[in-house]
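Student: Below are the sequence and a predicted model for it; my questions follow.
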Amino acid sequence: MTSELANRYAQGLFSLAEDEGTVEEKKEACEALLEVLDQCPDFLMFLQAVRVTEEEKKAMICKVFSGRLDQDMVHFLELLVDRGRTYYLREMLQAYIVLANEKLGIETAEVSSARKLSKEDLERIRKALETKTGKQVVLKNQVDPKLIAGIKVRIGNQVTDATMKTRIEGLRESLLKGGLA
């Protein structure tokens, strides 16, 4: 669940991007920033550190991102430093991506499976979901060994569960209720 604060900042960035016609570019920048935060968690810790001055934080942002991100994104990061909101950075970036995906007609689907799916399997699932939704679909494959076999797909509020775990639980419930007498 995204906080109201993160949503407000994401909406502000999104409004700016809409006005400039850079929704997709800023989405790509947000995805790149999330990747940086995943690969280098120390960077976010640095931005959130109380003992580091705002000037030092902004200097680091400029050093790392100037020329790599558009100037609006650099200013956005500096604004978060000025307002002491870097704690919400990851959440803001994710909220922006959701807004951008809605605008661009892109759905994100989470595919959970007991093992990592092959590129071919993911491609077949993606095409089937695009046909079903009429939108471009981006997949995220999460491995959950507890599922035993099969897949579980979540797209928006809809969940399709074709896992062995669910089938076994259904059979168990049926047996407990005396359904197979």
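Tutor: Thanks, I have it.

Student: how about low-confidence regions in this structure?
Tutor: Low-confidence segments of the chain, defined by pLDDT under 70: 1-2, 179-181.

Student: quick one, strands of it?
Tutor: 106-113, 136-143, 150-155, 158-163 (DSSP state E).

Student: Using JSON lines, lay out those strands together with distance to residue 171.
Tutor: In short, each C-beta sits where N, CA and C put it, glycine included. Conversion of these to JSON lines gives the following (distance: least, CB to CB, whole Å):
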{"stretch": "strand 106-113", "distance to residue 171": "20"}
{"stretch": "strand 136-143", "distance to residue 171": "24"}
{"stretch": "strand 150-155", "distance to residue 171": "14"}
{"stretch": "strand 158-163", "distance to residue 171": "13"}
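
Student: how about a markdown table for those, with mean neighbour count and distance to residue 50 added?
Tutor: Output for those, formatted as a markdown table (neighbours: other CB atoms under 10 Å; distance: least, CB to CB, whole Å):
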| stretch | mean neighbour count | distance to residue 50 |
| --- | --- | --- |
| strand 106-113 | 18 | 35 |
| strand 136-143 | 14 | 34 |
| strand 150-155 | 17 | 38 |
| strand 158-163 | 14 | 41 |
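
Student: how about the helices of the protein, start to end?
Tutor: 4-20, 23-39, 41-48, 54-65, 71-82, 89-104, 119-133, 164-176 (DSSP state H).

Student: name the helices or strands packed onto the last one?
Tutor: Spelled out, that is helix 164-176. strand 150-155 (3 or more CB pairs under 8 Å, 6 or more residues apart in numbering; DSSP states H and E).

Student: list the contacts for residue 112?
Tutor: By CB atoms under 8 Å, 6 or more residues apart in numbering, the residues touching residue 112 are 141, 142, 143, 144, 147, 151, 152, 153, 154, 163.

Student: swap the cut-off to 6 Å and go again
Tutor: 142, 144, 152 (CB atoms under 6 Å, 6 or more residues apart in numbering).

Student: Equivalent analysis for residue 13, please.
Tutor: Counted by CB under 6 Å, 6+ apart, residue 13 has contacts 76, 96.

Student: rerun that using 8 Å as the cut-off
Tutor: 26, 72, 76, 92, 96.

Student: still on that earlier bit, could you dump the helices of the chain to JSON lines with distance to residue 111?
Tutor: Below are the helices of the chain laid out as JSON lines (distance: least, CB to CB, whole Å):
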{"stretch": "helix 4-20", "distance to residue 111": "25"}
{"stretch": "helix 23-39", "distance to residue 111": "19"}
{"stretch": "helix 41-48", "distance to residue 111": "26"}
{"stretch": "helix 54-65", "distance to residue 111": "32"}
{"stretch": "helix 71-82", "distance to residue 111": "30"}
{"stretch": "helix 89-104", "distance to residue 111": "16"}
{"stretch": "helix 119-133", "distance to residue 111": "6"}
{"stretch": "helix 164-176", "distance to residue 111": "15"}
